[in-house]
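Novice: Test case, fold it:
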Amino acid sequence: MTLARRMLIGVAVLPCLGTTARAECFSGCGYGTLIAIIVLGGLALVGLILFVMVKLGAGWLIKWVVGAAVLAVAVPPIVIAILHSHRQRVFEARDLAGPLPRLADRTPLVIIGGDLFQCPPPVERYIRAWAGKGVIVLTTWPIEGIDFTKPVALADLPLSLHVGGRTGTDPDAENPYKGYSYHVRSLTPEQRQAAAASIDYVVVAECSQRHDIFRAFAANPALQEPADRFEVELAMAPVAKGSGTLSIPDLRFDLLDLGYLGYTEGFLFAEGQVGGRNSVPYDLATLEAALCLRANGTLVAGCAQ
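Specialist: Numbers count the residues shown, from 1 in each chain. Predicted coordinates for the structure are as follows:
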């Protein structure tokens with residue numbers, strides 16, 4: 001049997017040998033193993049082509065080697081970009097923006113991960129504009145040891161009130177928040193109880209600060225598949241007034257904007273890709289109407305863009 005005939009038989013048998021691996025891969029091993037199987041098959045085919053080119057002569061061999069090298073450098077990044085873009089589109093299909101209530105008619109709790117200037121601009125403007133009336137805020141970074149995949153009593157969390165002005169009888173009046181024209185007053189246990197009983201809506205923004213409360217969003221049935229990493233850019237959802245609890249897995253979102261942080265593994269000369277530019281699902285004017293209109297329909301100064 002000639003060498004060429006043996007190579008042809010080897011190429012023909014290779015897909016059969018990979019049946020088990022392919023079945024395992026398609027059941028959830030990810031793109032890396034699938035790409036490796038394809039690459040191995042491709043290398044076997046390239047080996048056969050090189051053998052044929054040797055038989056045809058050195059000139060053809062050089063041309064095909066150069067062509068193969070160019071393809072090996074140029075094609076993998078394109079393949080990775082297409083795969084990553086597809087995965088991100090599938091992920092972002094879970095974003096939603098339904099009808100939004102006017103928050104002036106609710107008692108909202110705003111949950112932020114980091115400093116306010118790291119939050120989405122509509123959230124920052126909302127807190128600053130409504131500080132004159134007072135905004136109940138939960139900043140997550142001081143919280144430790146709480147499992148947010150289960151219902152949590154709001155009164156047990158370090159709720160605070162963002163309030164306007166620097167004068168008067170408020171003991172924190174001379175401690176403005178991060179240079180903004182308002183300050184933050186921590187609520188007493190009794191005030192937290194009263195606030196927890198009145199809260200009937202939550203606005204959540206990760207604000208570039210990872211925390212267990214945002215990771216707990218993965219326990220929500222709407223966000224369990226596909227299981228890629230994400231950040232909570234902005235979420236809005238009602239909670240039962242008087243319940244005094246926050247249950248992340250039970251939230252039913254009016255608005256959900258997730259930032260994609262998934263990873264697609266690279267191969268050959270292609271580097272892996274992580275995340276991507278976030279696309280918002282909501283109309284800004286609709287969001288600002290929900291955040292910025294008073295109960296009488298007028299606009300709060302400085303809230304809208």
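Novice: what kind of secondary structure is residue 204 in?
Specialist: With DSSP: H, G, I helix; E, B strand; the rest coil as the basis, residue 204 sits in strand.
Novice: In contact with it, which residues are there?
Specialist: Taking CB atoms under 8 Å, 6 or more residues apart in numbering as the contact definition, residue 204 lies against 110, 111, 214, 232, 234, 235, 236, 237. Where you see a C-beta, it was placed from the backbone N, CA and C, and this is true even at glycine.
Novice: now do residue 114
Specialist: 139, 141, 206, 207, 208, 209.
Novice: and what of residue 154?
Specialist: 109, 192, 195, 196, 199, 244, 245, 246.
Novice: ok, 10 Å please
Specialist: 109, 136, 138, 192-193, 195-199, 202, 239, 243-246 (CB atoms under 10 Å, 6 or more residues apart in numbering).
Novice: do residue 140 as well
Specialist: 111-114, 146, 148, 157-158, 204, 206-207, 209-214.
Novice: repeat that with 7 Å
Specialist: If a contact means CB atoms under 7 Å, 6 or more residues apart in numbering, then residue 140 has 111, 113, 209, 211, 213 as its contacts.
Novice: Excluding chain neighbours, what is closest to it?
Specialist: The shortest distance from residue 140 to any non-neighbouring residue, by CB to CB, 6 or more residues apart in numbering, is to residue 211 (4.3 Å).
Novice: Burial check on that neighbour, number of neighbours?
Specialist: Counted with other CB atoms under 10 Å, residues neighbouring residue 211 total 21.
Novice: how far away is it from residue 75?
Specialist: Distance, residue 211 to residue 75, by CB to CB, to the nearest Å: 41 Å.
Novice: Now residue 112. Its backbone dihedrals?
Specialist: With angles defined as degrees, to the nearest 10, residue 112 sits at phi -130, psi 150.
Novice: Identify the farthest-apart pair in the contacts of residue 140.
Specialist: Maximum pairwise distance among the contacts of residue 140 (CB to CB): 11.0 Å, between 111 and 209.
Novice: Looking at those two now, which is surrounded by more residues?
Specialist: Higher neighbour count among residue 111 and residue 209: residue 111, with 24 against 17, using other CB under 10 Å.
Novice: hang on, the more buried one in a helix?
Specialist: No: Residue 111: not assigned to a helix; according to three-state DSSP it is strand.
Novice: residues in contact with it?
Specialist: Residue 111 sits next to 138, 140, 202, 204, 213 when contact means CB under 7 Å, 6+ apart.
Novice: 10 Å instead?
Specialist: 136-140, 157, 202-207, 211, 213-214, 232, 235, 246, 248.
Novice: Mind checking which of these are in helices?
Specialist: 213, 214 (DSSP state H).
Novice: A helix includes residue 285, no?
Specialist: Yes: under three-state DSSP, residue 285 sits within a helix.
Novice: Contacts only, for residue 262.
Specialist: Residue 262 sits in contact with 84, 87-88, 90-91, 226-230, 273-276, where contact means CB under 10 Å, 6+ apart.
Novice: Can you tell me which of the residues you listed are buried?
Specialist: 84, 87, 88, 91, 228, 230, 273, 275, 276 (16 or more other CB atoms under 10 Å).
Novice: Tell me the spacing between the second one and residue 187.
Specialist: Read it as residue 87. 43 Å.
Novice: Quick one: the helices in this structure, in order.
Specialist: Under DSSP H, the chain gives helices at 3-17, 19-24, 31-56, 58-92, 121-130, 189-198, 212-215, 284-292.
Novice: Looking at the ones you listed, which is nearest to residue 222?
Specialist: helix 58-92 (12.5 Å).
Novice: Work out the gap between the closest one and the centre of the chain.
Specialist: 28 Å (CA atoms, centre = their mean, to the nearest Å).
Novice: Tell me which other helices or strands it touches.
Specialist: Other elements packing on helix 58-92 under the criterion 3 or more CB pairs under 10 Å, 6 or more residues apart in numbering; DSSP states H and E are helix 31-56, strand 255-260, strand 263-264, strand 273-274.
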